[in-house]
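Student: No sequence on hand, only this structure:
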């Protein structure tokens, strides 16, 4: 699984194709899955996500930070999906089936949270060496070491060592993942 | 709690940031904290923030439970769902479309409707409950419009074609700009004056009989002789104009702008002298000018790329080197702003788009933005760009534009 490079907003603003590609690689999948929360047809979603990236490219000079850029992408995908549903007049059926209000802000926000969490975790997994991936994922559940050892059929000490290694690796390499503006 | 944000390298903006659940940024932060929670790396503060979010409503705690159950299975599920996507192929498509410069239509009508709807839905999302949010009227950009008043008091609408003869001078706007041409060699002793008025939402170009070209911006007025005499070439300006003065070393060209005077020999410069603003700003692109004011008697010579600001009310002056593009881009049909306050940006927009701007919060007036875009798009385009920063919300009702903080 490819690891994501850091996004250079500066380079993106000035039209760098490689910075744009990094942005695409980082968010494409999350946006694709997010779009499917609104429109089930995966081909349509892919087209809509494509258009959102093209839009963000066209507006590249207006972004100075990654967070608003990310927000723009999610919002644009959502709007395109809602328009598509409107056009298809499918929305009412969808609502009746699932009893969720696809139009609501809460639905929007919660799906963004969900896809972001999954994206960050997947990204982290991608950055870990093969041997540490399973342990990392199992460790997320908050499982005790003994339970992990049992699952993977290894000794508890190995689990502890691997966890330490993973943790150290994470600490050193993940500072850059969390460069979001923090509102307190 | 106040948080300091860096919008640009050198500008600091203080924002009172409350926890607004509808804000995507808070969503990003929650996602970040949830991951940290799963990795058991939360600080006490972060833990509390997350707890508050979890308890804020049932949906939140349900979401949290969902995301903390079997993340390894969710990871694998995610990977398998992604098998239906074609990341590389889609990138190629994006590249192709960008190169073509067109967006492919899914089907003929969909995108046309979508383009309009996206803008509408986009702005609907930002509408507050305060104001009626039914109709977002289309606010068109300015265009060429002006009124010419000749020395005999006749008024001519310049969006219609005019051909006028005043003395020995022929005035016509056949070429979309007003041109004064003199057909004889006789120099007049008594000057007759014309006035051109540009309303809000207008712009116009004119060429005087000596070949001087003048671009006039919205809400401006220029009084000038239909032909120059044997003395100084003098015009009176209210508002904003860009001058390309024809060289004539014998007859200096003087712009009288509302308490300041700009004297030139042959040159290109911009004068911004709106009566509703305190400062008269002269920006020199090429040549040499001398700016003086009639209140305090200051006299300053400018070299290319220099700008002189004169404050009518307190007499303060400032001379500085500038990027002239920022101050002259309007004549080429562009809005260019460099670290400009939202308040100033809105003043410019209100003139060109002929809308009334009101701020609901003082704090957003000081937010700063930079941009370079065509001024011939509808106002939605530029407002959308500003809204992307998620600091500002715009609401349009008829020709009134409300600005508030997010």
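Tutor: Structure's in. What do you need? This one's a predicted model, so the numbers in the text were calculated from it and none came from an experiment.

Student: Domain map for chain A?
Tutor: Using automatic domain parsing, the domain ranges for chain A come out as A:1-127, A:129-184.

Student: mean pLDDT lowest for which of these?
Tutor: Among the domains of chain A, domain A:129-184 carries the lowest mean pLDDT, a mean of 58.

Student: Show me which residues of stretch A:43-59 are buried.
Tutor: For stretch A:43-59, the neighbour count (16 or more other C-beta atoms under 10 Å in any protein chain shown) marks A:44-57, A:59 as buried. Bear in mind the C-beta positions are built from the backbone N, C-alpha and C, glycine included.

Student: ok, residue B:301 - contacts?
Tutor: Listed by C-beta atoms under 8 Å, 6 or more residues apart in numbering or on different chains, the contact partners of residue B:301 are B:288, B:289, B:290, B:291.

Student: ok so, going back, so which of the buried residues of stretch A:43-59 are in helices?
Tutor: Among these, the members found in helices (DSSP state H) are A:44-57.

Student: and residue B:70, backbone torsions?
Tutor: phi 50, psi 60 (degrees, to the nearest 10).

Student: Look at it and report its pLDDT.
Tutor: On pLDDT, residue B:70 comes in at 78.

Student: how close does it sit to chain A?
Tutor: 7 Å (C-beta to the nearest C-beta, to the nearest Å).

Student: what's the burial count for that residue?
Tutor: Residues near residue B:70, counting by other C-beta atoms under 10 Å in any protein chain shown, number 15.

Student: again with residue B:231
Tutor: 9.

Student: Check which helices and strands the one helix or strand residue B:53 maps to sits against.
Tutor: Residue B:53 belongs to helix B:44-56 when elements are defined using DSSP states H and E. Other elements packing on helix B:44-56 under the criterion 3 or more C-beta pairs under 8 Å, 6 or more residues apart in numbering or on different chains; DSSP states H and E are helix B:24-38, helix B:58-68.

Student: Next, the angle helix B:24-38 makes with it.
Tutor: Per axes from the mean of the first three to the mean of the last three C-alpha atoms, to 10 degrees, the angle that helix B:44-56 makes with helix B:24-38 is 110 degrees.

Student: Could you single out the nearest of the buried residues of stretch A:43-59 to residue A:103?
Tutor: For the buried residues of stretch A:43-59, the closest approach to residue A:103 (C-beta to C-beta) belongs to residue A:48, at 16.6 Å.

Student: one step back: how far is the helix holding residue B:53 from where the chain is centred?
Tutor: When distances are taken as C-alpha atoms, centre = their mean, to the nearest Å, helix B:44-56 is centred 41 Å away from the chain's centroid.

Student: in it, what's buried?
Tutor: Buried residues in helix B:44-56, defined by neighbour count with 16+ other C-beta under 10 Å: B:46, B:49, B:50, B:53, B:54.

Student: okay, who's weakest in these by pLDDT?
Tutor: Of all the buried residues of helix B:44-56, residue B:54 has the smallest pLDDT value, namely 87.

Student: How about it: what's its closest non-neighbour residue?
Tutor: Setting aside the residues directly before and after it, residue B:54 is nearest to residue B:61 in space (C-beta to C-beta, 6 or more residues apart in numbering or on different chains), at 4.7 Å.
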